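Peer 1: A predicted structure for the sequence below; I have some questions about it.
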Amino acid sequence: MQSTGTSANAASAGVSLRAHFEMMRPANTVTALGDVLAGFAVAGLAGLEKLPWLLAAGMALYAGGVTMNDFFDRRLDAAERPERPIPSGRAGARSAAFLGMALLLAGVACGFRAAPVSGAIAGALASLALAYDAVFKHIPLAGPLAMGSCRGLDLLLGVSANGGALAARWYVAAIPLAYIAGVTLLSAGEVHGGSRLRAGFSAGLLLAASLGALVMGASSGMRIASVCVLLALLAWRVGPAFYRACANPDGSRIRAAVRAGVISLVFLDASIAAAWQGLWYALGMVALVVVASHLARLFPVE
């Protein structure tokens with residue numbers, strides 16, 4: 001009987017551990033590395049010794065933000081997403097809040113370990129993530145703008161490895177901001193479906209982000225070809241899913257488009273990196289798509 005009880009406790013602990021990993025959205029968290037690496041390319045690859053801390057900060061902040069999202073949404077999820085960790089009983093609300101806050105604080109600490117300005121950006125990102133989870137998510141337009149700004153700040157974490165570049169090139173953050181704002185706007189219809197107008201506007205924001213990267217590539221001369229290749233890969237990955245969501249914006253098509261949009265952000269980040277550092281640096285980033293895609297088969301993305 002003792003052996004049976006021990007086995008049951010071990011199985012319960014395994015279920016709980018997986019549930020907490022699920023809340024951290026491992027596939028999405030990997031894409032946060034792309035934001036930081038793109039920012040580091042914009043920074044001119046200066047401050048290499050800071051990069052490990054900035055990468056750790058980016059991952060921890062993203063994982064903490066989405067974990068707190070599940071905490072704040074636990075009552076809504078009980079009705080709309082009962083399979084999620086907290087409403088399903090696989091994870092407790094208290095442990096989710098502890099994990100989320102611990103990750104956010106760790107992300108801020110890693111930022112300050114890299115540089116004071118990096119810590120300030122990490123602190124702003126953590127605060128905005130909490131504000132999105134608790135308030136902005138439920139306000140039209142404010143939610144997508146806040147989530148997009150979080151991704152923009154994540155890119156600026158990478159740029160902050162070089163203080164001079166941060167002051168001169170902060171505007172690059174507008175590209176992932178627009179892209180993720182579009183994905184977030186579409187995601188409002190994941191459960192009950194959306195409208196063609198909303199889906200079309202979301203696709204327009206993705207197109208605007210891609211055009212921003214294209215303009216950046218054009219200003220870099222010979223690197224425009226590399227940027228075009230990466231943007232073509234982005235269109236190949238995201239275009240069909242968004243077209244189907246625009247044509248018939250039911251919940252399943254919107255979830256598929258959101259999933260493709262989140263994972264494929266790495267291609268947009270890589271196009272930014274290619275504009276500043278060339279194709280070989282960018283191709284190293286594309287490997288993140290393989291990792292994120294594999295994790296997306298193991299853990300939910302939405």
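Peer 2: Received, thanks. Since the structure is predicted, the reported quantities are computational estimates derived from the model, not experimental observations.
Peer 1: quick one: low-confidence ranges for the stretch 1-150 of the chain?
Peer 2: The model of the stretch 1-150 of the chain has pLDDT under 70 over residues 1-14.
Peer 1: before we move on, which element is Ala60 in?
Peer 2: Secondary structure assignment for Ala60, by DSSP states H and E: helix 51-72.
Peer 1: list the buried ones in that helix?
Peer 2: For helix 51-72, the buried set under the neighbour-count rule, 16 or more other C-beta atoms under 10 Å, comprises 51, 53-72. Every residue, glycine included, has its C-beta placed from N, CA and C.
Peer 1: Export only the CA atoms of it, formatted as PDB.
Peer 2: Taking Å, rounded to 0.1, in the frame of the first residue of the first chain, the C-alpha atoms of helix 51-72 are listed here in PDB:
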ATOM      1  CA  LEU A  51      24.300  38.800 -23.900                       C
ATOM      2  CA  PRO A  52      23.800  35.700 -21.700                       C
ATOM      3  CA  TRP A  53      22.200  37.800 -19.000                       C
ATOM      4  CA  LEU A  54      20.000  39.600 -21.500                       C
ATOM      5  CA  LEU A  55      18.900  36.300 -23.000                       C
ATOM      6  CA  ALA A  56      18.100  34.900 -19.600                       C
ATOM      7  CA  ALA A  57      16.200  38.100 -18.800                       C
ATOM      8  CA  GLY A  58      14.100  37.900 -22.000                       C
ATOM      9  CA  MET A  59      13.100  34.300 -21.400                       C
ATOM     10  CA  ALA A  60      12.300  34.800 -17.700                       C
ATOM     11  CA  LEU A  61      10.200  37.900 -18.300                       C
ATOM     12  CA  TYR A  62       8.200  36.200 -21.000                       C
ATOM     13  CA  ALA A  63       7.700  33.000 -19.000                       C
ATOM     14  CA  GLY A  64       6.700  35.000 -16.000                       C
ATOM     15  CA  GLY A  65       4.300  37.200 -17.900                       C
ATOM     16  CA  VAL A  66       2.300  34.300 -19.500                       C
ATOM     17  CA  THR A  67       2.200  32.500 -16.200                       C
ATOM     18  CA  MET A  68       0.700  35.500 -14.500                       C
ATOM     19  CA  ASN A  69      -1.700  35.700 -17.400                       C
ATOM     20  CA  ASP A  70      -3.100  32.200 -16.400                       C
ATOM     21  CA  PHE A  71      -3.300  33.400 -12.800                       C
ATOM     22  CA  PHE A  72      -5.300  36.500 -13.600                       C
END
